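Asker: Quick one, structure for this:
(chains A, B, C and D)
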Protein chains: 2
Amino acid sequence: MSADRLSATLSALADPTRRAILARLSHGEASVTELAEPFAMSLPAVSKHLKVLERAGLISRGREAQWRPCRLEAAPLKELAGWIETYRRFWEASFDRLDDYLREIQEGDPRDRH
Amino acid sequence: MSADRLSATLSALADPTRRAILARLSHGEASVTELAEPFAMSLPAVSKHLKVLERAGLISRGREAQWRPCRLEAAPLKELAGWIETYRRFWEASFDRLDDYLREIQEGDPRDRH
DNA sequence: GCGGTACTGAACCAATCAGTTATTTAACTG
DNA sequence: CAGTTAAATAACTGATTGGTTCAGTACCGC
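Answerer: Okay, here's the model as predicted:
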């Protein structure tokens, strides 16, 4: 299902290998073999992870001779940060005040409506 | 793979149905049938989505007679916001300055570190 | 041109996912 | 008690995921 951008970003980020790759790229560009080095998996597996990240717009790839240097692209992360921001009030308030807030905006007992 | 909390949060959020459920819950508690109402899918399907959200800690469920009211739990969102925050500098700088920054922290040509 | 290095693509596999229908549990209602 | 409503569970299905191995493509250096 769901080919929307946010879903693509989130499911790309849902894998720890891919998050580690992004963390590595936050220190600068890297080739595929460099990115693969820390992982106990084959190169084609890493190549697939990179393709997922690329399709989500989280990385871009250049061409330098036989190397394909990857670099971080932050736009989808910005979008995600924007989405999550709409929930900030739910964790910023103290738990007691959040409780109050929830009770306040609540429409009432489920049995009462419909 | 990976049962770590962040991965669980992200893969739970990667589904638009589940994000819509969270959005609904941000307006207050709701029962399962209420949550299911906007979707063209069976009730068990929604029940499964709720289980995913619950295992990720994004919702909690109470008991009121035959209803099981769901409420939003923001802690995992807070954790996610914290994680994404480490990448903020990559989208906050103007693109040109980001380019400069990337080139600056880059170790050099991939060929040099073979 | 040949051999090595960097990477991608294709085919395959097991596990998980998102949905279905049918059944079951639990609680209220008359 | 019987009947109804709310929700979960079970069993099944098709699609997707994350990994593999093996082969192919592209570029460099000798």
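
Asker: Helix or strand next in line after the helix or strand hosting A:Pro44, which one?
Answerer: In the assignment (DSSP states H and E), A:Pro44 maps to helix A:43-55. Once the chain leaves helix A:43-55, the next helix or strand it forms, by DSSP H and E, is strand A:59-61.

Asker: Count the neighbours of the residue nearest to A:Leu53 when sequence neighbours are not counted for me.
Answerer: Closest residue to A:Leu53 apart from its sequence neighbours, by CB to CB, 6 or more residues apart in numbering or on different chains: A:Ile59 at 4.5 Å. Every C-beta, even on glycine, is put in place using the N, C-alpha and C of the backbone. Counted with other CB atoms under 10 Å in any protein chain shown, residues neighbouring A:Ile59 total 25.

Asker: Contacts only, for A:Ile59.
Answerer: For A:Ile59, the contacting residues are A:Ile21, A:Leu22, A:Leu25, A:Leu50, A:Leu53, A:Cys70, A:Arg71, A:Leu72, A:Glu73, by CB atoms under 8 Å, 6 or more residues apart in numbering or on different chains.

Asker: Next, work out how far apart the residue nearest the centre of chain A and B:Leu13 are.
Answerer: Nearest to the mean C-alpha position of chain A, by CA atoms, centre = their mean, lies A:Leu13 at 3.6 Å. Applying CB to CB, to the nearest Å, the value for A:Leu13 to B:Leu13 is 9 Å.

Asker: again with A:Ser42
Answerer: In terms of CB to CB, A:Ser42 sits 29 Å off from B:Leu13.

Asker: Around the residue nearest to A:Leu10 when sequence neighbours are not counted, count how many other residues there are.
Answerer: Closest residue to A:Leu10 apart from its sequence neighbours, by CB to CB, 6+ apart: B:Ala14 at 3.8 Å. Residues near B:Ala14, counting by other CB under 10 Å, number 19.

Asker: Look up phi and psi at B:Ala14.
Answerer: When read as degrees, to the nearest 10, the backbone of B:Ala14 gives phi -70, psi 0.

Asker: Now that it has come up, it's in contact with A:Ala14, right?
Answerer: Yes: the pair B:Ala14 and A:Ala14 qualifies as a contact (CB atoms under 8 Å) at a distance of 5.6 Å.
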